[in-house]
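Student: Sequence below, structure please.
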Amino acid sequence: MGWCTTADLDKFVAAAGGYLRSTAVENTLLLSAAQAARSAWDPRIAGRPPGTARPPATGAQPGMGAPPPGSSLLFGWWEPPDGSEPRGAFLHDPAVPLLIAGRAPEMAAALAGTLAKMGRPVTGVDGPVQAADAFAAAWSHREGVSIRMHKQCRVYRLAGGPDGMGPDGMGAAGGASGATWAAAGPAGRLRVATGADRALLADWLTAFAAEAAERIGSAQAMADDLIGYGGAVFWESPQRPARVRDAITWDTGAPNGETGYQPVAMAALTRPVAGTVRMSVVYTAPDRRRNGYAAALMYAASRAVLDGVAPRAEPGAGPRAGSQVVMITDTNRPNRGVARLGYQLVGERTVLRFGPPTGPLPGVRTTGPMPRLPTGPLPRTRR
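Tutor: Reported below is the predicted structural model:
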């Protein structure tokens, strides 16, 4: 059959939802993007009062729904010639790289032809390595654009819970268990961000985007959204006075003489979709790095997801038993603590961006000989 396309998210979910849920870990980006298409009008997600938006269409899967009117999003799924279940899918937003689900290169190459015939502008592609390479090659051949590597990523899934314990007492990745690591980790605690943290959260999101060369839109809006569903968490470190004389007047800011705490690292968690939560941002303040705070945060945040502490469950959602915790890391920014915390590698992705059309350099205008200046005897100088 080949690629089927639609602008109706409900139709897309009905056709490809089963395939995407069965491969939720490796396709968490596409699932989250489809869920975000609904957030523009869903009162539970966008924070609008009930009655200002229509309810989800009948039969829509949890976490998905119809996109807002006038949306330029395009969805699609691959129907095999034998009529079996879909084996691939995509989501195209002209403002960001095309998201592809499925690893078969031939499907991705065929998608380039489908989108080209529809006149869809494509700025890049984000997908499994083989699929992204195949699509980029086919698109470049058709459109004559250049291809630039933007990012290479690894997809990890938390195996065996955040303690990562196996039958032999070792971690899921063969190292020390997460619980053993946590006992020797830095002192501190996890805290879910609140409205009082809006300014700090927005500042750190902006700093993360600058360091990772990512576009996040409005950092303030993203901070509000994360706080709204409990998707932002901090790792706080106990603070003590730097000088002895400061201890006399030091106010802990906590009751019963407890030690004061200060945020040193932040993580962002996506809304649960298809039983999967992705840790999308991990950021440590520059002056607090190389102290193990990021690893401590990832461990505590992973446990918080499985315990249902963060992000908060949406109304009507059932218990979060069996949730999958996913993390996608940039290979240019290696995170050595991922395997030690019980995360296992499940796949690799690449993000390619397309540049201006390529071709021979324009010919340089030919020039002729420069006109000769008139010459003659030099004037004699007076003695």
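Student: and the helix or strand hosting D224, what other elements does it pack with?
Tutor: According to DSSP states H and E, D224 maps onto helix 219-229. Under the contact criterion of 3 or more Cβ pairs under 8 Å, 6 or more residues apart in numbering; DSSP states H and E, helix 219-229 touches helix 198-212. Where you see a C-beta, it was placed from the backbone N, CA and C, and this is true even at glycine.
Student: got the contact list for the helix it packs on?
Tutor: 193, 214-216, 219-220, 222-224, 226-227, 232, 263, 266, 268, 281, 283, 285, 330, 333 (Cβ atoms under 8 Å, 6 or more residues apart in numbering).
Student: now with 7 Å?
Tutor: The contact list for helix 198-212, computed with Cβ atoms under 7 Å, 6 or more residues apart in numbering, reads 193, 215-216, 219-220, 222-224, 226-227, 232, 263, 266, 281, 283, 330.
Student: Also stretch 280-295?
Tutor: Residues contacting stretch 280-295 (Cβ under 7 Å, 6+ apart): 185-186, 204, 207-208, 235, 237, 264-268, 270, 297-298, 337, 341.
Student: filter the residues you listed to the buried ones?
Tutor: 185-186, 204, 208, 235, 237, 264-268, 270, 297-298, 337, 341 (16 or more other Cβ atoms under 10 Å).
Student: out of the residues you listed, who's nearest F12?
Tutor: F12 lies nearest to T270 out of these, by Cβ to Cβ, at 19.2 Å.
Student: For the closest one, give me its contacts.
Tutor: So T270 contacts S32, G231, V277, R278, S280 (Cβ under 7 Å, 6+ apart).
Student: which residue sits closest to Q152, ignoring its sequence neighbours?
Tutor: T331 (4.5 Å; Cβ to Cβ, 6 or more residues apart in numbering).
Student: Could you verify my assumption that the one you found touches H150?
Tutor: No. Counting by Cβ atoms under 7 Å, T331 sits too far from H150 to count as a contact (12.0 Å).
Student: Could you report the neighbour count for W78?
Tutor: 25 (other Cβ atoms under 10 Å).
Student: just to revisit the earlier point, which of the buried ones among the contacts of stretch 280-295 fall within helices?
Tutor: W204, F208, L297, M298, G337 (DSSP state H).
Student: Quick check: the two most widely separated of the residues you listed?
Tutor: W204 and G337 (19.1 Å).
Student: close enough to count as contact, P238 and V264?
Tutor: No. Using Cβ under 7 Å, P238 is not in contact with V264; the gap is 10.2 Å.
Student: Would you mind giving the domain segments of the chain?
Tutor: 2-153+349-357, 160-341 (automatic domain parsing).
Student: Could you export the ones you listed to CSV, including columns for distance to R380?
Tutor: Below are the domains of the chain laid out as CSV (distance: least, Cβ to Cβ, whole Å):
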stretch, distance to R380
domain 2-153+349-357, 61
domain 160-341, 70
